[in-house]
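J.: I would like to see how this sequence folds:
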Amino acid sequence: MSALPTSSSVINITKLNSYEADFQHKLSALLAFEASQDDDIDRAVMQILSNVKQHGDQAVLDATNRFDRMQAASISELEIPKQEWQLAFDGLSPERRSALEIAAQRVRAYHQIQKNSCGSEGFSYTEADGTVLGQKVTPLDRVGIYVPGGKAAYPSSVLMNAIPAKVAGVAEVIMVVPTPDGVKNSLVLAAAWLAGVDRIFTIGGAQAVAALAYGTPTIPAVDKIVGPGNAYVAAAKRRVFGTVGIDMIAGPSEILVLCDGTTDPDWVAMDLFSQAEHDELAQSIMLCPDASYIAKVQESINRLIEDMPRKEIIRTS
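T.: Residues are numbered from 1 along each chain as shown. The predicted structure follows:
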């Protein structure tokens with residue numbers, strides 16, 4: 001028999017009814033906040049970008065020590081040597097190592113097939129009048145991948161960004177990952193070793209995006225920046241686009257779960273948690289016509305959250 005949740009663990013989720021007259025107004029208000037365009041965030045990002053552009057390594061070092069509570073004396077201390085990645089990989093448990101290797105193999109196989117089917121060399125043809133037309137596919141020289149590391153660590157982000165770049169033929173992959181308080185994640189480092197990343201710097205936020213976009217004496221400028229991040233990262237990528245290529249502006253995580261009332265409510269609760277745990281600004285939304293089923297999902301949420309390692313972030317979001 002399950003224990004009832006304590007009052008401190010109960011989450012009061014927002015419930016909207018599409019039959020109510022003010023439904024559209026309430027829904028618009030719920031979805032209105034766009035973190036990557038928030039004025040305060042944008043002003044802070046502009047200042048960081050400007051500082052890095054003008055002062056290079058020193059600005060990156062100062063911002064990293066300040067925001068990630070580091071005590072690095074020089075920018076060179078923020079680069080992780082390859083030997084440390086290899087040690088992280090070699091030190092994984094057999095289960096984790098196997099999981100990482102299988103994931104990497106699947107990602108690599110998919111993108112290799114994608115490359116082969118699209119034609120790795122491009123194409124050309126000659127018209128009757130002698131005009132040669134076609135398309136040439138050329139890998140970028142250097143790509144920067146941003147890997148979240150502030151509130152959580154995601155080795156999947158390393159595999160899904162570094163491996164496609166390497167399959168495409170990108171010569172150099174520079175990885176940036178924040179390590180608040182100097183705490184490094186062994187799975188992230190192991191994934192970098194497995195994926196073939198070339199260099200890793202323990203920097204994050206807007207200062208990492210700026211360093212990759214503009215380059216510093218220590219951190220080389222890249223041709224494109226990819227990978228998810230928080231609102232500051234999203235705002236920074238939007239600002240540097242044009243100076244450097246980007247994949248997309250990915251804001252805080254979102255998920256919409258459509259329910260017909262027949263799925264195990266525990267599964268739905270865990271699906272909602274999967275995005276809510278990423279960030280306090282994340283939005284997890286469920287759409288269901290059955291009010292009694294929504295109540296069951298609410299019960300599952302309140303019961304299961306106690307076992308979630310990032311439950312405080314889930315509560316906030």
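
J.: every contact and neighbour count from this point should use C-alpha atoms.
T.: Will do.

J.: helices of this structure, start to end?
T.: Using DSSP state H, the helices assigned to the chain run over residues 23-31, 39-55, 57-67, 82-90, 94-118, 155-168, 186-195, 205-214, 231-240, 265-276, 291-304, 311-316.

J.: for the fourth one, packing partners?
T.: Read that as helix 82-90. Counting contacts by 3 or more Cα pairs under 8 Å, 6 or more residues apart in numbering; DSSP states H and E, helix 82-90 packs against helix 186-195.

J.: show me what contacts residue 286?
T.: Shown in contact with residue 286 (Cα atoms under 8 Å, 6 or more residues apart in numbering): 256, 257, 258, 259, 272.

J.: what about the closest residue to it other than its chain neighbours, how many neighbours?
T.: Sequence neighbours aside, residue 257 is the residue nearest to residue 286 in space, at 4.7 Å (criterion: Cα to Cα, 6 or more residues apart in numbering). For residue 257, the neighbour count with other Cα atoms under 10 Å is 13.

J.: wait, isn't residue 257 in contact with residue 283?
T.: No - Residue 257 is beyond contact range of residue 283, at 11.2 Å (criterion: Cα atoms under 8 Å).

J.: tell me which residue is most central in the chain.
T.: residue 228 (2.7 Å; Cα atoms, centre = their mean).

J.: show the backbone phi and psi for that residue.
T.: Here is the backbone geometry of residue 228 (degrees, to the nearest 10): phi -80, psi 160.

J.: give the contact list for it.
T.: Contacts of residue 228 by Cα under 8 Å, 6+ apart are 146, 147, 148, 157, 234, 250, 251.

J.: so which of those sit within strands?
T.: Among those, DSSP state E puts residue 146 in strands.

J.: I'd like the contacts of residue 228 laid out as CSV, including pLDDT, distance to residue 19 and neighbour count.
T.: CSV is the format used below for those (pLDDT from 0 to 100; distance: Cα to Cα, whole Å; neighbours: other Cα atoms under 10 Å):
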residue, pLDDT, distance to residue 19, neighbour count
146, 96, 43, 25
147, 95, 42, 26
148, 90, 40, 25
157, 93, 40, 19
234, 90, 35, 26
250, 74, 32, 18
251, 64, 30, 20
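
J.: out of the contacts of residue 228, which comes closest to residue 39?
T.: Of all these, residue 39 sits closest to residue 234, with 13.1 Å by Cα to Cα.

J.: so that closest one touches residue 250, yeah?
T.: Yes - with contacts counted by Cα under 8 Å, residue 234 reaches residue 250, the gap being 5.9 Å.

J.: outline the domain layout of the protein.
T.: Domain assignment for the chain, taken from automatic domain parsing, gives 37-113+139-251, 252-317.

J.: a markdown table for those domains, including distance to residue 126?
T.: Putting the domains of the chain into a markdown table (distance: least, Cα to Cα, whole Å) gives the following:
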| stretch | distance to residue 126 |
| --- | --- |
| domain 37-113+139-251 | 24 |
| domain 252-317 | 48 |
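
J.: and residue 102, how many neighbours does it have?
T.: Quick note: residue 102 (other Cα under 10 Å) scores 12 neighbours.

J.: cheers, nothing more for now.
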